[in-house]
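S.K.: Provided below are the primary sequence and the corresponding predicted coordinates.
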Amino acid sequence: MLDIELVTHEQLDAEQAAARQDIREAVVFGTKGEDPTVEAMMAGIYAPSPVDAFDIAKGIVA
């Protein structure tokens, strides 16, 4: 992009600084909250399937 003059070094530096600031703000936001419960974490990573041998939600073997 620099070679074909679509952007300048200054524009790229500004974008990089903005991205770094966004990351800093996201980290601060993420570390301010309470830790999630195990149930809340599991809800986001597990989806029951008809082929499951074990029903996690009920704690029984299918």
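M.R.: Looks like it came in fine. Numbers count the residues shown, from 1 in each chain.
S.K.: Residue 7 falls within a strand, correct?
M.R.: No: under the criterion used here (DSSP: H, G, I helix; E, B strand; the rest coil), residue 7 is coil, not part of a strand.
S.K.: pLDDT score assigned to the residue nearest to it when sequence neighbours are not counted?
M.R.: Excluding the flanking residues, the one nearest residue 7 by CB to CB, 6 or more residues apart in numbering is residue 1, at 5.0 Å. For the C-beta atoms, the positions are set from N, CA and C on the backbone; glycine is no exception. You'll see residue 1 listed with a pLDDT of 78.
S.K.: let's number from 58 now, not from 1
M.R.: All set: I'll call the first residue 58, so the last point we hit is now residue 58.
S.K.: Distance check, residue 58 against residue 65.
M.R.: 10 Å (CB to CB, to the nearest Å).
S.K.: before we move on, back to that, and for the residue nearest to residue 64, the neighbour number?
M.R.: 9 (other CB atoms under 10 Å).
S.K.: Ok, residue 100 next?
M.R.: What residue 100 shows, counting by other CB under 10 Å, is a neighbour count of 12.
S.K.: Next one, pLDDT for it please.
M.R.: Per-residue confidence (pLDDT) for residue 100: 78.
S.K.: and residue 76, which of the three is it?
M.R.: helix.
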